[in-house]
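1. Test case, fold it:
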Amino acid sequence: MITVAPSILAADFTKLREEIESIADAGGDWVHVDVMDGQFVPALSFGTPIIKAARSVTNLPLDVHLMVYEPDHLIPDFIAAGSSRITVHVEAIKHLNRTIQLVKSLGARAGVTLSPGTSAACLEAVIDEVDLVLVMTVDPGFGGQKLIPGTLKKVERIAEMIKQTGKQIYLEVDGGITPENAHTFIEAGADVLVTGTAFFKAQNRNQVIAQLKQISR
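-> Okay, the predicted model is just below:
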């Protein structure tokens, strides 16, 4: 079965509690939280207060995507606030294995994220250590973008790398994912779909989740 993780970056923040609760109500599996520092990407987004607020209103795993340069000094606070998974960008870290081990030592699942222009080859040294690989199918930093078709081959390559480890490692895709195009990434090996605008702007959110999960059957 496919895991669906709606991204609250696209939510209505005037009613955040209801928006987060709607994820579980619609059959979503994780709450995806995009943290942006205004340096690695141009935009600023959430800090630990949002993580704490989300944790207080849902029992779903909080899938926290750090678009942050050298995030080691922030990771303990994000995990203490309630993050279930922390994914960090390979492009933003000097000592990737050390950061992965830091996340795991604090009791969270550790993931790595690749931007569209980053080769799958950069995972070779750490693939056995991670719990999740997140492939950005748009350039990081903004919601509502159309996906970049060339990222599909990278998903296929990483799926093969994961298979060779013999471990259960999630392969997540994020950016422009809709019920109309998700099947290509599922066929390529993705098993976690991040959906933002397609979910939060839909008239029927239950239907969006149902359609995404139906693809996997």
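
2. Point me to the helix or strand that includes Val130.
-> Assigned by DSSP states H and E, Val130 belongs to neither a helix nor a strand.

3. How about the contacts made by it?
-> Each residue near Val130 by CB atoms under 8 Å, 6 or more residues apart in numbering is listed here: Ile100, Ala110, Gly111, Val112, Leu123, Ile169. To be clear about C-beta, it is placed using only N, CA and C from the backbone, and glycine gets the same treatment.

4. how close does it get to Ala92?
-> The spacing between Val130 and Ala92, counted by CB to CB, to the nearest Å, is 15 Å.

5. And the helices in the chain?
-> Taking DSSP state H, the helices of the chain run over residues 16-25, 48-57, 75-80, 96-105, 151-165, 182-188, 197-200, 205-214.

6. quick one: buried residues of the fifth one?
-> Of the residues in helix 151-165, those buried under the neighbour-count criterion (16 or more other CB atoms under 10 Å) are Thr151, Leu152, Lys154, Val155, Glu156, Arg157, Ile158, Ala159, Met161, Ile162.

7. Apart from its neighbours in sequence, what residue is nearest the fourth one?
-> Spelled out, that is Val155. Once flanking residues are discounted, Val155 sits nearest to Ala188: 4.3 Å by CB to CB, 6 or more residues apart in numbering.

8. what about that neighbour, neighbour count?
-> If you count neighbours by other CB atoms under 10 Å, Ala188 ends up with 20.

9. got a pLDDT number for it?
-> With respect to pLDDT, Ala188 has a value of 96.

10. Can you tell me how far it is from Lys153?
-> 8 Å.

11. and for those two, which residues touch both?
-> With CB under 8 Å, 6+ apart, Ala188 and Lys153 have no common neighbours.

12. Brilliant, that's me finished.
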